[in-house]
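Chemist: need a 3D model of the following:
(2 chains)
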Amino acid sequence: GNSVTQMEGPVTLSEEAFLTINCTYTATGYPSLFWYVQYPGEGLQLLLKATKADDKGSNKGFEATYRKETTSFHLEKGSVQVSDSAVYFCALSPSYGNNRLAFGKGNQVVVIP
Amino acid sequence: GAVVSQHPSRVICKSGTSVKIECRSLDFQATTMFWYRQFPKKSLMLMATSNEGSKATYEQGVEKDKFLINHASLTLSTLTVTSAHPEDSSFYICSARASSRGGNEQFFGPGTRLTVL
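Modeler: Below you'll find the predicted structure:
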């Protein structure tokens, strides 16, 4: 079946540090890949997406590249801000059926001033 | 574009009462809406998939008689938690897929915090 694996545990880092959150997936065919962000007390917002291999999604300084050879979609940001503190979810949507999203467990990111 | 709203954003109710949560796509038509439940510090758990004009498809382990879903129009789906109990307290999030846009992107509502006393 389709599944998404995110690195374990929260991520705590200082302002202006480099952020990487790992995401790998298992899927048949050619899924679309997403990163969602959830700020405290709010719903999910789409951060970026990629729909085919080698696509790079980018938004608000965040980037992720769809790597089919390594089945990965790691999220990166070169210089984080306190306002980036949130929970980040990696997700995939298969290219068939009713396109149900499969989510990773999420990573809490805390940026310290 | 592609805005999804939920109402109410927060609700507190007594045990045994029923609560209705609305999910609306404001600027697009959604043939499919999804209902999720999120426990504290946990990922989203898909509860059911709702298609306009037909019965919802529930995930394994989700009681369809307890969580009633109605998708009466292309812009509105409702989730009713019947005879709510404290263990139903959670954050409920809906999402909608735009029928006209094609593709497979879902747009999420802001969520509804349910607290059952």
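Chemist: next secondary structure after the worst-scoring helix or strand of chain B on mean pLDDT?
Modeler: Lowest on mean pLDDT, DSSP states H and E among the helices and strands of chain B sits strand B:106-108, with a mean of 88. Sequence-wise, the next helix or strand downstream of strand B:106-108 (DSSP states H and E) is strand B:112-116.
Chemist: burial count for the nearest residue to residue A:54 once chain neighbours are set aside?
Modeler: Nearest non-adjacent residue to residue A:54, counting by C-beta to C-beta, 6 or more residues apart in numbering or on different chains: residue A:66, 6.3 Å away. Using the backbone N, CA and C atoms, a C-beta is placed for each residue, glycine as well. If you count neighbours by other C-beta atoms under 10 Å in any protein chain shown, residue A:66 ends up with 21.
Chemist: and residue B:9, by the same measure?
Modeler: Residue B:9: 15 surrounding residues under other C-beta under 10 Å.
Chemist: so who does it touch?
Modeler: Counting by C-beta atoms under 8 Å, 6 or more residues apart in numbering or on different chains, residue B:9 touches B:110, B:111, B:112, B:113.
Chemist: again, 10 Å this time
Modeler: Shown in contact with residue B:9 (C-beta atoms under 10 Å, 6 or more residues apart in numbering or on different chains): A:41, A:42, A:43, B:21, B:109, B:110, B:111, B:112, B:113.
Chemist: ok, the first one - contacts?
Modeler: Looking back up the chat, that one is residue A:41. For residue A:41, the contact set (C-beta under 10 Å, 6+ apart) comprises B:9, B:10, B:91, B:110, B:111, B:113.
Chemist: in the residues you listed, which residue is surrounded by the most others?
Modeler: Highest neighbour count within these: residue B:111, with 23 neighbours (other C-beta under 10 Å).
Chemist: in this structure that one contacts residue B:94, no?
Modeler: Yes: at 8.3 Å, residue B:111 counts as touching residue B:94 under the criterion of C-beta atoms under 10 Å.
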